[in-house]
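# sequence? don't have it. structure:
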């Protein structure tokens with residue numbers, strides 16, 4: 001993490017309980033060193049025990065990762081960064097539109113049979129990441145399931161979660177895999193308009209589809225993190241946390257870039 005990125009990240013970090021006067025032990029290792037270790041693992045795909053000796057001990061790094069995962073702190077930290085990016089872009093901190101899609105990935109041998117399945121469409125045994133992003137391509141929500149779970153079934157839970165967290169959200173674009181009763185459910189239960197963007201039958205070869213390319217670009221970013229090229233996490237909660245960590249890396253780099261001066 002560069003000095004410019006740390007300057008962005010530091011004021012947005014969750015405050016430890018001992019600094020709020022709520023008791024607890026003082027932390028031994030610097031937050032920056034812990035975050036650097038987690039970012040290194042996500043970006044390079046190493047094992048926890050193989051984290052370089054330049055970082056704090058791997059068990060202390062994993063303990064922080066697990067604590068942030070279990071208490072929702074990584075999502076809180078991510079959401080603060082997202083609001084900052086949207087404000088910097090001149091947008092309202094809370095989005096009013098989003099895009100949903102899914103990605104199937106192979107699962108490592110450590111993934112148990114209870115959270116993995118076979119995707120008949122992709123001919124792939126593993127897990128599926130269901131994501132919703134805003135119109136800037138910033139993550140709004142993620143749900144990791146076994147690969148045999150259909151897009152519409154997972155979207156029921158994911159869209160309900162996203163709609164509860166973002167009250168301004170009124171429109172979500174999706175592909176043809178989300179048609180059917182899901183459209184009526186979103187309108188009646190969540191007050192969301194689910195707009196289906198379909199590919200024309202007359203088009204040959206690759207073509208960029210309106211709005212859908214936004215979420216495809218985010219999924220492409222995830223594949224640049226080696227920890228996410230394949231699902232190595234034993235639990236779906238850890239798999240979702242790694243997606244959030246990858247998204248935070250994208251946003252911190254974006255916020256740390258020098259803004260061009262206006263003449």
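Looks like it arrived, so ask away. The structure displayed is predicted, hence computed values, not measured ones. Numbers count the residues shown, from 1 in each chain.

# switch to C-alpha atoms for all contacts and neighbour counts from now on
Fine.

# mind listing the helices for the stretch 1-150 of the chain?
Counting by DSSP state H, counting those that start in this stretch, the stretch 1-150 of the chain has helices at residues 3-9, 31-44, 58-70, 73-88.

# is it possible to export those helices to JSON lines including distance to residue 128 and mean pLDDT?
Below are those laid out as JSON lines (distance: least, CA to CA, whole Å; pLDDT from 0 to 100):
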{"stretch": "helix 3-9", "distance to residue 128": "30", "mean pLDDT": "91"}
{"stretch": "helix 31-44", "distance to residue 128": "18", "mean pLDDT": "94"}
{"stretch": "helix 58-70", "distance to residue 128": "19", "mean pLDDT": "94"}
{"stretch": "helix 73-88", "distance to residue 128": "19", "mean pLDDT": "95"}
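
# dump those helices to JSON lines, plus mean neighbour count.
Output for these, formatted as JSON lines (neighbours: other CA atoms under 10 Å):
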{"stretch": "helix 3-9", "mean neighbour count": "15"}
{"stretch": "helix 31-44", "mean neighbour count": "18"}
{"stretch": "helix 58-70", "mean neighbour count": "16"}
{"stretch": "helix 73-88", "mean neighbour count": "19"}
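
# as a markdown table, those with distance to residue 119 would be great.
Output for the helices of the stretch 1-150 of the chain, formatted as a markdown table (distance: least, CA to CA, whole Å):
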| stretch | distance to residue 119 |
| --- | --- |
| helix 3-9 | 38 |
| helix 31-44 | 25 |
| helix 58-70 | 27 |
| helix 73-88 | 28 |
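
# to residue 134, which of those lies closest?
Residue 134 sits nearest to helix 73-88 of all the helices of the stretch 1-150 of the chain, at 9.8 Å, using CA to CA.

# against which helices or strands is the closest one packed?
helix 236-256 (3 or more CA pairs under 8 Å, 6 or more residues apart in numbering; DSSP states H and E).

# before we move on, back to that, and of the helices of the stretch 1-150 of the chain, who's closest to residue 221?
Nearest of the helices of the stretch 1-150 of the chain to residue 221, taken as CA to CA: helix 31-44 at 11.0 Å.

# off-centre distance for that closest one?
Remark: helix 31-44 is offset 16 Å from the chain centroid, using CA atoms, centre = their mean, to the nearest Å.
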